[in-house]
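[1] heads up, no residue letters with this:
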Ligand SMILES: O=c1ccn([C@@H]2O[C@H](COP(=O)(O)OP(=O)(O)O[C@H]3O[C@H](CO)[C@@H](O)[C@H](O)[C@H]3O)[C@@H](O)[C@H]2O)c(=O)[nH]1
Ligand SMILES: O=C(O)[C@H](O)COP(=O)(O)O
């Protein structure tokens, strides 16, 4: 039950929510194919140790959105330094597999999801790029069609974020809306405090989103788990709220990380917020925040101390990368 009606939030956000929130079922795949015209669509799955789920996701996209209906032109899995058989499973299922650290080698190897996405953007060609996490356990192709729908039907939309209900499943115990712990405890408070225009995003950390290459190549990519927050803030800056949209994709079930892993994710997200506030001139600090995190982790009854670096780095907008621009001789860079 809502404690206050939706219009009690800012008029800008209320108006945006009404105008820019859709549902995946609003876009039938056949209608999207008719609307596709000259557009080309790349689907990218970042994957680190996702052999259990990546094959099924790739297989469904290949069967339904490439073979049955030629909606997706390119299907790429970025193997993000997996220690398992992710790359082989993805290739067997029909994806082109790229290895994160082999792309743009001159720029070095940096760990994390954001770097995997930046590398994928560098080597794909679609003018619409869809990102889908590779750990989804209930993937359906409506995740892809729902995200491309607003981009194919409204030229003023440049980016579409997925939203969904997030159950938390731990063995036999399932809480229907208990998922998204970092979203609720870290990202949503930060967004409301500092970027209230983005408060209407129901799942600001969702790993499922689509954007126009012409815009994605103009923003920097934070290398770790800060990539989603950084992207939203940067897109708000360069494109404005009316150019952003969200689509309800139903329910999303994924593999949950441990609380300790989510603590490190929260560190990435906080440092990303800090970097944007500093860049926007809204934070004048005498000291830079540290990036070392001490955690007390439990393995059974045993408590161990773990020290991690949760610092985030940033990859530059791809239009500033000569190798990227040289590989696209027909694009008109520099036009705004
Ligand atoms: O170094 C990495 C880490 C993760 N992944 C992949 O990225 C996706 C999401 O990672 P995951 O560890 O499952 O993140 P979540 O716990 O699901 O975190 C949520 O919140 C993150 C922070 O915003 C987002 O990046 C995620 O997409 C979102 O689902 C998965 O396919 C991973 O295999 C990589 O490719 N490289
Ligand atoms: O998006 C998030 O908040 C994190 O991925 C954690 O999600 P979970 O609580 O569903 O594991």
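    Yep, that arrived. Please read these numbers as outputs of a predicted model, since none were measured by experiment. Ligands and ions are numbered 1, 2, ... in the order given.
[2] the residue of the stretch 101-250 of the chain found nearest ligand 2: which element?
    Proximity of the stretch 101-250 of the chain to ligand 2 (CB to the nearest ligand atom) peaks at residue 179, 3.0 Å away. C-betas here are computed from N, CA, C, even on glycine. Using DSSP states H and E, residue 179 sits within no helix or strand.
[3] hey, where'd the helices end up in this protein?
    Listed in chain order, the helices of the chain (DSSP state H) span 11-20, 29-36, 54-62, 86-93, 113-123, 142-153, 181-182, 188-194, 213-216, 227-239, 259-279, 322-326.
[4] what sits closest to the residue of the stretch 101-250 of the chain closest to ligand 2 if chain neighbours are left out?
    Residue nearest to residue 179 in three dimensions, not counting chain neighbours: residue 166, with 3.2 Å by CB to CB, 6 or more residues apart in numbering.
[5] next, count neighbours for that neighbour.
    Around residue 166 sit 21 other residues, with neighbours defined as other CB atoms under 10 Å.
[6] same check, this time on the one 3 residues further on
    A count of neighbours around residue 169, defined by other CB under 10 Å, yields 16.
[7] isn't it right next to residue 255, touching?
    No. Counting by CB atoms under 8 Å, residue 169 stays clear of residue 255, with 9.5 Å between them.
[8] spell out which parts of the stretch 201-336 of the chain neighbour ligand 2.
    205, 256, 257, 262 (CB under 6 Å from any ligand atom).
[9] contact partners for the closest residue to the second one other than its chain neighbours?
    By that I understand residue 256. Closest residue to residue 256 apart from its sequence neighbours, by CB to CB, 6+ apart: residue 168 at 6.7 Å. Counting by CB atoms under 8 Å, 6 or more residues apart in numbering, residue 168 touches 174, 175, 178, 179, 181, 256.
[10] of those residues, which pair is most distant in space?
    Greatest spacing in these, by CB to CB: 174 and 181 (14.7 Å).
[11] okay, these two: which has more neighbours?
    Shown here are residue 174 and residue 181; by other CB under 10 Å, residue 181 has more neighbours (16 against 12).
[12] can you name the residue of the stretch 201-336 of the chain nearest ligand 1?
    Proximity of the stretch 201-336 of the chain to ligand 1 (CB to the nearest ligand atom) peaks at residue 207, 2.3 Å away.
[13] do stretch 36-49 and ligand 2 meet at all?
    No. Figure legend: stretch 36-49 not in contact with ligand 2 (CB under 6 Å from any ligand atom); closest approach 13.6 Å.
[14] near ligand 1, which residues of the stretch 101-250 of the chain are found?
    So the stretch 101-250 of the chain meets ligand 1 at 111, 112, 113, 116, 133, 134, 135, 205, 207, 225, 228 (CB under 6 Å from any ligand atom).
[15] how many residues are close by residue 171?
    Neighbours of residue 171 under the rule other CB under 10 Å: 5.
[16] and it, how far from residue 18?
    Per CB to CB, to the nearest Å, residue 171 is found 40 Å from residue 18.
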